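**Q** A structural model of the following input is requested.
(chains A and B)
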Amino acid sequence: MEEISRRHFIASATTAGLALWLGLTSEGNLYKAIDSASVNFSPFILIEANGQITLFNTKPEIGQGTFQSFPALIAEELEVSLDQVIIKQTNGEYQFGNAQRSGGSASIRNSYLPMRKVGAAAREVLIKAAAKTWNVIESECFAQKGSITHAPTQRKLSYGSLIEEAAKFDLPENPKLKDPKDFKILGKMSKRPDIPLKTNGSAEFGIDAIVPGMLYAVVYRSPVIGATLVSYDATEVLKIPGVVKVGTAERIVGVYRYTGVAIIATSYWIANQAKEKLVTHWDNHGFDKFNTRDYEAHLRTLANQTGIVEKAVGNVDDVNLPPESYLEAFYETPIIAHHALEPLNCTAQVNGDRVEIWTSTQVSSAVTGKGAGDMHGQIGFTPENITLHSLFVGGGFGRRLSMDYIVEAVNVAKLVEQPVKVIWSREDCTQQGPFRPMTFSKLKGGISAQGALISFEHKVISPSLQQSRDSTFDPSKVDLAMMEGISEQAYEIPNMRNSYVRADLHIPISPWRSVTSSTVSFAQESFIDELAYQAKKDPMDFRLEHLKKTSDAKKVLLKLKELSNWETKLPKGSGRGVAVWEFFAGLGGQVVEVTCHKDKTITINRVIAVIDLGEVVNPDNVRNQMEGSVIMGLGAVMKGGINFVNGKVAEHNFYDSPLLRINEIPKIEVHILTDGGKVKGVGEPGLPPFAPALANAIFAASGKRFRKLPFELRL
Amino acid sequence: MISLTVNQKTYQLDVDPEMPLLWALREVIGLTGTKFGCGVAQCGACVVHLNGEAIRSCVTKCDRANHQNITTIEGLSMDNSHPLQLAWNEENVPQCGYCHSGQIMSAAVLLRENPNPTDRDIDDAMAGNICRCGTYPRIRKAIHLAAKLNGGKGNEK
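**A** Alright, predicted model coming up:
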C-alpha cells in the first residue's frame, strides 16, 4: 500500500527519465537518490536530466508566504532563482514526514538551517561532479543560476547534465553554508510566485476544487452547541428538484462529536436553500440554558479561587510591602471567531476502502498521517488509503489546524458514490466553532519604596484549550496553553507567582492567531503600564528599568523608543503607549500614538511595530504580515466577540460579527530587527502587543483605562 | 434557459433563474476566480461586472443577468496585464489572496469613475470589500499605482 502512494508521488513529481533527489531522512540527515526506487526520504530538491528543477514546499500556503520563503531557503544555497524552478506544494505524502503543517509561526524558524543545508549539500556535489568531469580542482568551479562554471575557462555545465556524476559523491555531513553577505534571495525584496495566481483568479483554493461528477452538500448542525440529534424528517427536502440525498454525518472537534444532517444536491445553492425545509429534533442536554453573560459572571467568581501555580519565583507572600504599595486589576476578553474569508469546505470521494480529499488545511500531514492523533482513526480509513490534494488556503488563523470539517465531509461522501463538495455557509463558520476562548486575568503587583516592581502575580481564569482537544488531559494540572507567554517575559522581577483557574465549558475551542497571547498580553502589558504609573515612572523607562540584562525584548523596546521619539512631548489630548510580548512564536513590540478628541472619539495617529527575527527571509512579506497582524489586532479590539444566548451564537454573518474595513485602518510603520541570534517567527508576534499598546496610549492621552475587550474607540 | 455572456463568451444555462449568479459562474460554468465569502453582500469577494457595473454576484439572480454582459476576474486579463493586476503584483498585495478577485473588480470600477482617487476616495469605494489578512494598506498603494499606470497622477494623500 505504501508502495502505491510512493509511486504515485514520484510519478506526479517527475517528468520522465533520470533524476537526482536530495533531501533529509526522518532523522534529519542529508540523503540522496538517483533512481526513484530508493526515494524513501523527504526529497526537497528534484533535479531532472532535462534540466527541470523542482523544490518542494511542505508548509501549506495560508497567506503567510511559505510558498516563497520555504523554497527560498533551499534556492539560496543551491544557487538557483525561484523563477527557474517549479515549486510543488506537498500533499501530506508520507515521504515528507509529519511536519507538513503551517502553525505556530514555525515554518521558517524551524527550517532556516536544515533547508539551507539541503541546498548547500546539493551545490557541493554538483560542483564536485563538474570538477571531476573537467578534471579540474573544485575551487576553480562555482555554482550560479542552475549551472556550474569553471572560472578560468568559463566552461559551463547545467545541473541537469551533472546529476549522474553528482550522485556518485557522498553528501557532506556539514556542507558549507553561504556567507550572508553573498545572499541573492534571503533578506532581499523578492516576489512571491503565488501572487500572480491570486490576481487573475487562477489560484486554486480548497473551495475551487473541481472533480468530475461532483455533487454539493451543506450540513445542518444544531444551533445549540452540544445538542444531540434525536430525529429528522427530510420528506419536504427530498421533493426539491436537485436534491440527491439526505443523511447524517458526524463531525469530530477535539473531544466533541456532533452529528448533523447533510443535504446533498446538484448545487450548493439548492442544498443551502433546502435547509429551510428540513425538520430536526435535538436533545439539548440543558445547553440551551447557556449564556455568555452568566458564564462571564461565573469566571469572575472563580477568580477568587486559588489557582494552580504555573510558575513561582522568589515568594510573593514574603514581600510584605505596605498595602498602599500594591495594585490589583481585573481584565476580560471575549470569545471570538476566526472568520477566514474562504468558508470552510472540503471535497471528498469515497471509493471502497479509499478516500480522496481536496481541501484547504493547515495540517496536510495530519490528514494523511499514521499517528494516533491523525485523521485516519476518525474516518475509518487506513492512512495509506487517504489521498490528499492540499490546495491554497484562504486564511488559516488557527481555524484550519482543526480537521473537523474534513472528517465531516468524508462522512458526507460516504453517503453517495459521487465526489461531494461540502461548503459551510458564513453563518455556519460564525456559529459552529471551534472558537478562540476568552481569558479573564486577575493581576496584582507590588512596588518597592524605590519604585521597583518586586512582586507580581497573574492569575488566568478561563476554559482549557487542552481539555477541549485532548481527552487524556488531566484537569488538575495547569493548561500551559492558557498561560502562554505570561512567565516568559524578560522583566527582572524578584518575586512572581502565575497561576491558573480552569473553568468548565462545553463549547469546542481552538487556537486563534497568536493563541492565548492574543488575550493575556492585553491584560499583562496593560497592567505593567498601570504599575509604572503606580511607581510614578514613565512606562517606557519603567519597563527598561526592569530589563537591566541584555535581552532581545530590551533591544525591541530601545528601538521603539528611538523610532517613536518617545522623549518628545505630544500635545494635550494625545498620548503614546508601548507594549512588548515574547512567546513561543517570537517577539514583537509596538508603540501606538492616539489623540482623544473633544467629542470623545479616539483616533490612532500611527502604529510603530518592531519585530525581532534574528534572520529575515523576505522583508517585504514580513511587513505585509505585520500590517495584517496590527489590523487583525485592532479588529479584535474594536469589533464584538461571539456571544451565546440560550445556547446559540447570537451573531450570524459580517453584518453582526464585523471585521475591520479599509476605512478603519491606522497608519502602520514596520521595523524588522535582524541582527542574528535565535531565528523567530513572523505570522503571529505582530498581534499580541497591539491591544495593550493601544489601551496604554489611550490612558496616556486621557487617563481612562480600558480593561475589557472589545471596546470602542471612544472615551 | 438563462443566457449569460461571460468574458465575451455566451453560455446557455439550464438553471433556476433565481439562482445567484455566483453559483452559476462557479459551479455551472466553472469560473472559480469569483469567490464566495458571505452570501449576503457584506464582504465583496464575489464582485463581478454586470454591463460594466460592480455587482455582488452572491445576491444577484441569474434572471437579472440574463442576456447581459458579465466580466469576471478571469476576463480582466489572464496574463496579469491589466494595470490593477500589474499594480497588485508590483506592491505584493495579497496574503492568502482569497478576497483579491473581488478587490480588483471593485477597484476597476473605481478607477473608471475616478482616474485619480485620493485615499479617502479609495476608502469610500473599497469599504465594501473585506480582507481578513489586512492587506488594506497595500490595496490603497496598488490603486494609486494603477492610477499612475493608467496615465493618471496616482496622488497618494
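**Q** make it CA atoms for all contacts and neighbour counts henceforth
**A** OK.
**Q** count of neighbours near the closest residue to A:Phe41 other than its chain neighbours?
**A** Spatial nearest neighbour of A:Phe41, chain neighbours left out: A:Thr25 (4.8 Å); criterion: Cα to Cα, 6 or more residues apart in numbering or on different chains. Applying other Cα atoms under 10 Å in any protein chain shown, we find 18 residues neighbouring A:Thr25.
**Q** now for A:Thr25: which residues touch it?
**A** A:Tyr31, A:Asn40, A:Phe41, A:Ser42 (Cα atoms under 8 Å, 6 or more residues apart in numbering or on different chains).
**Q** so the third one is in contact with A:Gly23, correct?
**A** Right, the one you point to is A:Phe41. Yes: between A:Phe41 and A:Gly23 there is a contact under Cα atoms under 8 Å: 6.8 Å.
**Q** those two - which one has more neighbours?
**A** A:Gly23 (27 against 23).
**Q** strand partners of the helix or strand hosting that one, parallel vs antiparallel please.
**A** According to DSSP states H and E, A:Gly23 maps onto strand A:19-24. When pairing is defined by DSSP bridges, strand A:19-24 lines up against strand A:30-33 (antiparallel), strand A:42-48 (antiparallel).
**Q** identify the residue nearest residue 129 in space, chain neighbours excluded?
**A** All of this is about chain A. Using Cα to Cα, 6+ apart, the closest residue to A:Ala129 is A:Ala166 (4.7 Å).
**Q** wrong chain, I was asking about chain B
**A** Per Cα to Cα, 6+ apart, closest to B:Asn129 is B:Gly44, 4.4 Å.
**Q** dump the residue contacts of that neighbour.
**A** The neighbours of B:Gly44, taking Cα under 8 Å, 6+ apart as the test, are B:Gly37, B:Arg56, B:Cys99, B:Gly102, B:Gln103, B:Gly128, B:Asn129, B:Ile130.
**Q** just send those residues back as JSON lines, with pLDDT too.
**A** Shown next, in JSON lines, are these (pLDDT from 0 to 100):
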{"residue": "B:Gly37", "pLDDT": "98"}
{"residue": "B:Arg56", "pLDDT": "98"}
{"residue": "B:Cys99", "pLDDT": "98"}
{"residue": "B:Gly102", "pLDDT": "98"}
{"residue": "B:Gln103", "pLDDT": "98"}
{"residue": "B:Gly128", "pLDDT": "98"}
{"residue": "B:Asn129", "pLDDT": "98"}
{"residue": "B:Ile130", "pLDDT": "98"}
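**Q** mind checking which of these land in strands?
**A** Using DSSP state E, B:Arg56 are the members of those that sit in strands.
**Q** ok, of the contacts of A:Thr25, which one's closest to A:Arg6?
**A** The nearest member of those to A:Arg6, counting by Cα to Cα, is A:Asn40 at 8.4 Å.
**Q** got phi/psi on that closest one?
**A** phi -120, psi 40 (degrees, to the nearest 10).
**Q** want to throw the contacts of B:Gly44 into CSV with neighbour count?
**A** Putting the contacts of B:Gly44 into CSV (neighbours: other Cα atoms under 10 Å in any protein chain shown) gives the following:
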residue, neighbour count
B:Gly37, 25
B:Arg56, 25
B:Cys99, 32
B:Gly102, 32
B:Gln103, 28
B:Gly128, 20
B:Asn129, 25
B:Ile130, 26
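**Q** how about low-confidence regions in chain B?
**A** B:153-157 (pLDDT under 70).
**Q** so which residue is smack in the middle of it?
**A** In chain B, the centroid-proximal residue (Cα atoms, centre = their mean) is B:Met105; its distance is 2.0 Å.
**Q** pretty sure it belongs to a helix, no?
**A** Yes: assigned with DSSP: H, G, I helix; E, B strand; the rest coil, B:Met105 falls within a helix.
**Q** ok, so what distance separates it from A:Lys176?
**A** 49 Å (Cα to Cα, to the nearest Å).
**Q** find the closest residue to chain B in chain A.
**A** Across chain A, the shortest distance to chain B (Cα to the nearest Cα) belongs to A:Gly63, at 3.4 Å.
**Q** state the number of residues packed around that residue.
**A** Neighbour tally, A:Gly63, other Cα under 10 Å: 25.
**Q** thought it was touching A:Gly395?
**A** Yes: look at A:Gly63 against A:Gly395 with Cα under 8 Å: they come within range, at 6.4 Å.
**Q** follow-up on the earlier one: save the contacts of A:Thr25 as a markdown table, and put in pLDDT too.
**A** Putting the contacts of A:Thr25 into a markdown table (pLDDT from 0 to 100) gives the following:
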| residue | pLDDT |
| --- | --- |
| A:Tyr31 | 94 |
| A:Asn40 | 83 |
| A:Phe41 | 89 |
| A:Ser42 | 92 |
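**Q** SS state for the residue of chain B found nearest chain A?
**A** Taking Cα to the nearest Cα, chain A has its nearest neighbour within chain B at B:Cys96, 3.4 Å off. Three-state assignment for B:Cys96 (three-state DSSP): coil.
**Q** check contacts around it.
**A** Taking Cα under 8 Å, 6+ apart as the test, what B:Cys96 contacts is A:Glu61, A:Ile62, A:Gly63, A:Gln64, A:Phe392, A:Val393, A:Gly394, A:Gly395, B:Cys133.
**Q** picking up where we left off before, among the contacts of B:Gly44, name the ones in helices.
**A** Helix and strand membership here follows DSSP state H; of the contacts of B:Gly44, those in helices are B:Gly102, B:Gln103.
**Q** how about the contacts of B:Gly44 in JSON lines, adding distance to A:Ile210?
**A** Shown next, in JSON lines, are the contacts of B:Gly44 (distance: Cα to Cα, whole Å):
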{"residue": "B:Gly37", "distance to A:Ile210": "18"}
{"residue": "B:Arg56", "distance to A:Ile210": "23"}
{"residue": "B:Cys99", "distance to A:Ile210": "20"}
{"residue": "B:Gly102", "distance to A:Ile210": "21"}
{"residue": "B:Gln103", "distance to A:Ile210": "24"}
{"residue": "B:Gly128", "distance to A:Ile210": "28"}
{"residue": "B:Asn129", "distance to A:Ile210": "26"}
{"residue": "B:Ile130", "distance to A:Ile210": "25"}
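**Q** wait, what's in contact with the residue nearest the centre of chain A?
**A** Geometric centre of chain A, nearest residue: A:Gly103, 3.9 Å, by Cα atoms, centre = their mean. For A:Gly103, the contact set (Cα under 8 Å, 6+ apart) comprises A:Gln362, A:Gly398, A:Leu401.
**Q** could you find the closest non-adjacent residue to the second one?
**A** When you say that, I think you mean A:Gly398. That would be A:Trp512: by Cα to Cα, 6+ apart, it lies 4.8 Å from A:Gly398.
**Q** and stretch B:65-85, how far out from the chain's middle?
**A** Averaging C-alpha positions (Cα atoms, centre = their mean, to the nearest Å) puts stretch B:65-85 8 Å from its chain's average.
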